[in-house]
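# Starting from these lines, generate the structure:
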Amino acid sequence: MNVTEKETPVFRFESYTADLRSGELRKFGTRIPLQIQPFQILSVFLEKPNELVTREELQRKLWPSDTFVDFDHGLNKAINKLRDALCDTAEEPRFIQTVPRRGYRFVAPVVVENPPVIDIKREAPEIVPEPRVVPVPAPTKARHYWVWGLALVAVVAASIGFWVSRPTPTAGSPTLAVMPLATPAASGDYDIADGMTDGLINDLSYVPGLKVISHASVFQYRNKVVDAPAAGRKLGASAVLTGRAEQAGSTLLVVVELISTKDGSHIWGQQYTRNVSERGSLQREIAASVGDALSVKLTSDDSGRKAHPVVDDEAQQLYLNGRYYFFKQTPEDVSKARDLFRKAIDRDPTYALAWAALGDSYDWMATEGFQPLDEVLGQSQQAKQKANELDPFRAEVHSSLAALNMVQWRWPQAEVEFQRGLAINPNDAPGHGLYSIYLRTMKRFPEALQQATAVTELDPLSMPAKSNLALTYYYARQYDAAARQYRLIVKEFPNAAGAHAGLASVLLHMGKENEAVGEWAQALVLAGDGPSAENLRRAYARGGLAAARAAVLQDEINDLKQAAGESYVSPVEFAYRYALLNDKDNAFLWLEKAYSDRSPQLFNLNVDPDYDSLRDDPRFAELLTRLHVPA
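All right, here's what the predicted structure looks like:
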């Protein structure tokens, strides 16, 4: 192979992309206006990540020796414009760190993409280089990385293309809800109509510029007779795709209609009769027609398209069925999902999404505290690495790899994978949710709230999505906003014990003890523990909040100890309760146990107000240092 010249590189850092050839800065694919001189400074920083760039060096780069300007004023102005474009500050730098009286240092992890130009006159095997990650040692004012491992629910994808720099849905983009297709043979189990619905959701989620409501929200209408336009309006959609799917032997009949939610008018519709084995290609055909009807296209530039391996239709159905059970989020259902993912792999060993989902099923057990990480990590790694080898152009694969990096506390690598996945598919709701958790643990709360809000827009009926947004406000210590969000959840889901418990925690920090104890008691009742709720009320009436906490939390700790004698219990379950009781020694004892287990449940330790009683103890700062989290 002869390298005749080096292409101008493209740099990626966090959610930004800088193309030195075109002089463009983009965030999640959207162009960020930036003048020439600030961009030139950025290019210098990106070529020398975490290295000191002196003010004199920037002067030579930007202002030739025969140019007469007020250099200090000009440089300061250009740096400020660059920081504004990157939403960065000098006081708490995420990107540009000031080195007093000397210059600057770019402190974020940088991915360099600069494929070599091959001399075609000499035959050589084609090599597709992997992006090179530039390691960034901890700067003086360290930006450490730590996040909790949340189970990633892989979103179904069919065999359509991957688009580079695809448009991100904006406020003016059409929003589509694919309502669950009806079927005469509807049952409680996952069926062919459900598979067609999921396939259409995913195929359409890859349409550039189209916003698509997620599976979790639309499937709440499964096996229900609904007014489709009204349901679409509740979901925030401008159009709904509705219809039915019927199977008779090897024949599949699918009837679909695209309806405007504004006035219920018909936009497009069609009836299809195909062999059942052709349902995958039929999904893609319908998606293309819907894209045409909504004046959006599957792709505008075939040169940027990469084909995915063709997937066996039966393997895809097994995978989709597995996803259905995974969404139920119980150990029994996740185990059932894992068996279905394995069957999909047995049917088609090249099915990347089934491998990624299999890995996620192992992650989930550890992140939810049902198994120690070391019991599942090896199997998760093997499955997810296999997925990436088979098809590295899937958003779901990169989100799955991000989750794997998170549970291993490999924070820079996790963020790179998040950026890759969301660049491929901005409609990936679980990807946005995981990224919001990562960002809040990095104390990047404006971005975390942006990502958490994106999840609620893509998954508007999901209580976990709404709770994630409320919890992000809580960790950001924006208690008024957190209380408003939890009250909305309680109003919509009055029997959700977790929402009442979350609201109770927020109210306590707002000094509203009476209301907080009431919500706490309600949470205990809804969780099936009426005696503890009554104990809480009595203890509060007699001795106030401290007595009430001691009465309930100590009973819970005793129950956990008994349960730990029969099955695995995450050490974090003990740690945060002892922290709330201000029992520091026991809290640190269990935190050390959690650290020794490399427990993914050490989530948000550095931002969770529940650990405030420990923050003035040197052991807490030392633990955060070992976890590589911003204090």
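# CA atoms for contacts and neighbours, from now on please.
Will do.
# And for Ala579, the neighbour number?
20 (other CA atoms under 10 Å).
# likewise the one 10 residues further on?
Applying the criterion other CA under 10 Å, we find 14 residues in the vicinity of Leu589.
# any idea how far Ala403 is from Pro494?
31 Å (CA to CA, to the nearest Å).
# Next: Leu461.
Leu461 is 14 Å from Pro494, by CA to CA.
# Using the record's domain definitions, break the protein down for me.
Following automatic domain parsing, one gets these domains for the chain: 3-134, 151-159+314-459, 164-307, 462-545, 570-631.
# still on that earlier bit, in terms of neighbours, single out the busier of Ala403 and Pro494.
Ala403 (33 against 13).
# Test my guess that the more buried one contacts Glu415.
No. Using CA atoms under 8 Å, Ala403 is not in contact with Glu415, being 9.7 Å away.
# Name the residues of the longest helix anywhere in the chain that come out as buried.
For the chain, the longest helix by residue count, based on DSSP state H, is helix 530-564. Buried residues in helix 530-564, defined by neighbour count with 16 or more other CA atoms under 10 Å: 532-534, 536-537, 539-540, 544-545, 547-553, 556-557, 560.
# How far away from the center of its chain is it?
35 Å (CA atoms, centre = their mean, to the nearest Å).
# Likewise for stretch 436-453?
10 Å.
# For stretch 390-408, list the C-alpha coordinates in CSV.
Coordinates of each C-alpha in stretch 390-408 appear next as CSV, following Å, rounded to 0.1, in the frame of the first residue of the first chain:
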residue,chain,number,x,y,z
LEU,A,390,-20.3,-8.4,12.4
ASP,A,391,-21.8,-4.9,11.8
PRO,A,392,-20.1,-1.8,13.2
PHE,A,393,-22.6,0.5,11.4
ARG,A,394,-25.5,0.0,13.8
ALA,A,395,-26.5,2.6,16.3
GLU,A,396,-27.7,-0.1,18.7
VAL,A,397,-24.3,-1.8,18.6
HIS,A,398,-22.5,1.4,19.6
SER,A,399,-24.9,2.2,22.4
SER,A,400,-24.4,-1.4,23.6
LEU,A,401,-20.7,-0.9,23.6
ALA,A,402,-21.1,2.4,25.5
ALA,A,403,-23.0,0.5,28.2
LEU,A,404,-20.2,-2.1,28.3
ASN,A,405,-17.6,0.6,28.8
MET,A,406,-19.7,2.2,31.5
VAL,A,407,-19.9,-0.9,33.6
GLN,A,408,-16.1,-1.1,33.3
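# Please name every helix or strand in contact with the longest helix of the chain.
helix 513-526, helix 571-580 (3 or more CA pairs under 8 Å, 6 or more residues apart in numbering; DSSP states H and E).
# Let's test this: name the helix or strand in this structure with the lowest mean pLDDT.
The helix or strand of the chain with the poorest confidence is strand 162-163; it has a mean of 28 (mean pLDDT, DSSP states H and E).
# Name the next helix or strand downstream of that one, please.
Using DSSP states H and E, the next helix or strand after strand 162-163 towards the C-terminus is strand 175-178.
# Need the residues that contact that next one.
197, 200-201, 210-214, 218, 232, 235-242 (CA atoms under 8 Å, 6 or more residues apart in numbering).
# 10 Å - rerun?
Residues outside strand 175-178 that contact it (CA atoms under 10 Å, 6 or more residues apart in numbering) are 169, 197-198, 200-202, 204-205, 209-215, 217-219, 228-229, 231-233, 235-243, 258-261, 290, 294, 457-458.
# Select from those every entry located in helices.
Those of those lying in helices (DSSP H): 197-198, 200-202, 204-205, 215, 217-218, 228-229, 231-233, 290, 457-458.
# Stretch 456-472: how far from the chain's middle?
The answer for stretch 456-472 is 12 Å, by CA atoms, centre = their mean.
# That one - what's its average pLDDT?
The average pLDDT for stretch 456-472 rounds to 93.
# Can I get it as CSV, trimmed to CA atoms?
Output of stretch 456-472 as CSV, limited to C-alpha atoms (Å, rounded to 0.1, in the frame of the first residue of the first chain):
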residue,chain,number,x,y,z
THR,A,456,-39.4,12.1,26.9
GLU,A,457,-40.1,13.5,23.5
LEU,A,458,-39.3,10.2,21.8
ASP,A,459,-40.9,8.1,24.5
PRO,A,460,-43.7,10.4,25.8
LEU,A,461,-45.8,7.8,27.6
SER,A,462,-42.9,6.1,29.4
MET,A,463,-42.8,6.5,33.2
PRO,A,464,-39.1,5.5,33.3
ALA,A,465,-38.3,8.3,30.8
LYS,A,466,-40.2,10.9,32.8
SER,A,467,-38.5,9.6,36.1
ASN,A,468,-35.1,9.9,34.5
LEU,A,469,-35.7,13.5,33.8
ALA,A,470,-37.0,14.1,37.3
LEU,A,471,-34.0,12.4,38.8
THR,A,472,-31.6,14.5,36.6
